[in-house]
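[1] need a structure here:
(2 chains)
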Amino acid sequence: MADEILLPTEEEIAQLPRWARVAFAARCARRVLPLFQRYWPNAPAEHLAAVTQAIDLSEQAAARAVKGVDDAATTARAANSAAHIANSVGNANANANRAARAATSAAVYAADAATRAAYAAYAADAATRAVVVTQPAATDAAVSDAATYALNAADAADAATYATDVASYAGDTAAANAREDMAQSIVRDFKTILSTARTQNWSDSTAVPPSVFGPLWPDGPPPEWPAEDPTLQPVNSPAFTKIAIKALIKPDVAPETVRDGLIELYRAMNEYHIASGAGVLTLEDFRRFVRAEVAVEV
Amino acid sequence: MSTPTPPRKSTELVELTLTPQGPANGSVLAQLAELIRDAVKQARKKGPQKLNLKLWEPANPDAAPTPLAEAMGQAEDAIRDIAAASQPRAVELARTIRLPDQVIDAATRIRAADEQLRKTIQELVEAGIVPIAEAIVESPVVSERES
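    From the prediction side, this is the model:
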């Protein structure tokens, strides 16, 4: 039974490098996302999108180990959104029974915990770099944040199993079937990432994509487990199909500098796109613009 | 180019629309656009470059070619050549990146490409060329001006 399987503790999770903890938290949240959809099928679209985005952002944060204030701010906003939804589930989903509402809340809480882990990791990363540069006083903040994201990752794991447990109390056959699988899978995920981190000597700057865990349910999902809606598009990942680059070329830049610069810009963008497994970027259009002779109103 | 060209007196604008070969990955395109915006912001040490599209119009294709227009034409040809040449490697990488033992290598490659793109943008901005990136669903925003 699920309660006989010991989930990784906060102290155990703290053995993982920075972004591995975030990846683990996001993985736990990803597991129970289908429960949100099952128990709140009529949830406002923006709520479902916000929860999905929270998980997505956490996965992306870990996958890229990105350092940036904007990323941290975006993640913080996602965390706030997820937390807000968790708080509103009880009222907005009033037609569901208590256990179902609890399962929904727990699923959202797992997503919230993942984003909080990501945000804490950003903060710790920024603090660590500040220490290196000029601000030794930031050391305490880095240590504090490291503890925070370990705690949040543990929260996400707890919330994932809790969501399954309370859903099974609601009489959900799928959740009852999944209780043991859920806990075992979370433990297996943790062992996988801890082992990989050790054998490959990961550091706090090592990026950890979600695929490091392998398939979510390698032996197939538990019987009757709800599938994640494949058509769901997170709000930060709409169906973009192309990318436009406008380059402002200031006066006095030599034509050959423009030529070489545009080629290098394309080459670097193409390499990033290829490295991400997304294939070649082909040139669809190349257009020149000049200052309008008569400037219309600004 | 062996002959020095006289300096231009005004800013010009060029737009490249890039489309993934095969199915587009919206997340990667969004990340790429965000990365470029962040790199430009870092390089300029101030907010993102603003662009008032009303102040621009498509260059007249029948106008006498300028040295800059010729250089851009050369860049366009070179970019198409690079895209064609990198196709086999991209296909192979897209296949292997889904294998578990390739995941860490892939993350390393992405990080290296991230750093290279930031470095390239830093050099471009220092040279006086400021990129403005936007992931889009349909046609480029500049085309709205023509409608």
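[2] C-alpha from now on. contacts and neighbour counts both.
    Fine.
[3] quick one: low-confidence parts of the stretch 101-250 of chain A?
    A:101-109, A:111-112, A:114-153, A:164-177, A:227-239 (pLDDT under 70).
[4] what does it put close to chain B?
    A:207-209, A:211-212, A:214, A:236-250 (Cα under 8 Å from any Cα of the partner chain).
[5] Out of the residues you listed, list just those in strands.
    A:242, A:243, A:244, A:245, A:246, A:247, A:248, A:249 (DSSP state E).
[6] number of nearby residues for residue A:223?
    12 (other Cα atoms under 10 Å in any protein chain shown).
[7] With residue A:55 instead?
    Quick note: residue A:55 (other Cα under 10 Å) scores 32 neighbours.
[8] quick one on the thing from earlier: buried subset of the residues of the stretch 101-250 of chain A next to chain B, written for PyMOL?
    Of those, the buried ones can be selected in PyMOL as follows, counting by 16 or more other Cα atoms under 10 Å in any protein chain shown:
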select buried, chain A and resi 207+208+209+211+212+236+237+238+239+240+241+242+243+244+245+246+247+248+249+250
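[9] Could you pull out the strands in the chain for me?
    The chain I'm using is chain A. Under DSSP E, chain A gives strands at A:242-249, A:281-291.
[10] try chain B instead
    Applying DSSP E to chain B gives strands spanning B:12-20, B:56-58, B:129-136.
[11] Which strands border the second one, and is each parallel or antiparallel?
    Read it as strand B:56-58. Partner strands for strand B:56-58, per DSSP bridges, with pairing direction: strand A:281-291 (antiparallel).
[12] Show me what counts as buried in the partner strand.
    Residues A:281, A:282, A:283, A:286, A:287, A:288, A:289, A:290, A:291 are the ones in strand A:281-291 that count as buried (16+ other Cα under 10 Å).
[13] ok, now stretch B:55-70?
    Here stretch B:55-70 shows B:55, B:56, B:57, B:58, B:59, B:67, B:68, B:69 as buried, counting by 16+ other Cα under 10 Å.
[14] which among these gets closest to residue B:23?
    Distance to residue B:23 across the buried residues of stretch B:55-70 (Cα to Cα) is lowest for residue B:58, with 29.6 Å.
[15] Would you confirm that that closest one contacts residue A:287?
    Yes - contact criterion Cα atoms under 8 Å: residue B:58 and residue A:287 qualify, at 7.3 Å.
[16] residues near the closest residue in space to residue B:125 that isn't next to it in sequence, how many?
    Spatial nearest neighbour of residue B:125, excluding adjacent residues (Cα to Cα, 6 or more residues apart in numbering or on different chains): residue B:43 at 6.5 Å. By the measure other Cα under 10 Å, the count of residues near residue B:43 is 18.
[17] and residue B:43, what pLDDT?
    Listed pLDDT for residue B:43 reads 89.
[18] same deal with residue A:285?
    Residue A:285 is given a pLDDT of 92.
[19] For it, name its beta-bridge partners.
    residue B:17.
[20] so what's it up against?
    Contacts of residue A:285 were listed using Cα atoms under 8 Å, 6 or more residues apart in numbering or on different chains, and they are B:15, B:16, B:17, B:18.
[21] Can you tell me how far it is from residue B:137?
    To residue B:137, residue A:285 is 15 Å away according to Cα to Cα, to the nearest Å.
[22] go on, residue A:202?
    Going from residue A:202 to residue B:137 by Cα to Cα gives 37 Å.
[23] pLDDT score for residue 98?
    Here I'm looking at chain A. 61.
[24] if you could check chain B rather than the one you did, that'd help
    At residue B:98, the model reports a pLDDT of 51.
[25] now residue A:95
    At residue A:95, the pLDDT value in this model is 50.
[26] neighbour count winner among residue A:202 and residue B:137?
    Legend: neighbour count by other Cα under 10 Å for residue A:202 and residue B:137, higher for residue A:202 (19 against 13).
[27] quick one, phi psi at the spatially closest residue to that one that is not a sequence neighbour?
    Nearest residue to residue A:202 in three dimensions, chain neighbours excluded: residue A:17, at 6.7 Å (Cα to Cα, 6+ apart). Here is the backbone geometry of residue A:17 (degrees, to the nearest 10): phi -60, psi 170.
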